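Engineer: got a predicted structure here, sequence first:
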Amino acid sequence: MLIIQGRGDKVVTPATAQALAKACGGRLWLTASQSHAGTLHEALPLYITRVVDYFCQHLQPQRNESVMVPGLAPAWQAASA
């Protein structure tokens, strides 16, 4: 589990996020954001990079499952007649 937490979040405190990460064996990314979900809006490119990197490291595609890469169109195959 990846937990993204702003240092100034008053909805979910950093201490709560740290306890949750420790309890579930997750990874905590503590950011400079001062609001709840602020990192998403304040650092979107870095947010996307970190989340995609985490998924790539921890989620393995199932056999015959295509992998979607952000920014690239899917390769569609025409149905055979």
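Structural biologist: Sure, I can see it. Residues are numbered from 1 along each chain as shown.
Engineer: so how far is residue 45 from the nearest residue to residue 1 once chain neighbours are set aside?
Structural biologist: Once flanking residues are discounted, residue 1 sits nearest to residue 26: 3.5 Å by C-beta to C-beta, 6 or more residues apart in numbering. All C-beta atoms are positioned from the backbone trio N, CA, C, and that covers glycine. Separation of residue 26 from residue 45 (C-beta to C-beta, to the nearest Å) stands at 23 Å.
Engineer: who's more crowded, the two?
Structural biologist: residue 26 (12 against 7; other C-beta atoms under 10 Å).
Engineer: nearest residue to the residue nearest in space to the middle of the chain other than its sequence neighbours?
Structural biologist: Residue closest to the mean C-alpha point of the chain, counted by C-alpha atoms, centre = their mean, is residue 51 at 2.8 Å. In space, residue 51 comes closest to residue 2 once its chain neighbours are excluded; the distance is 6.9 Å by C-beta to C-beta, 6+ apart.
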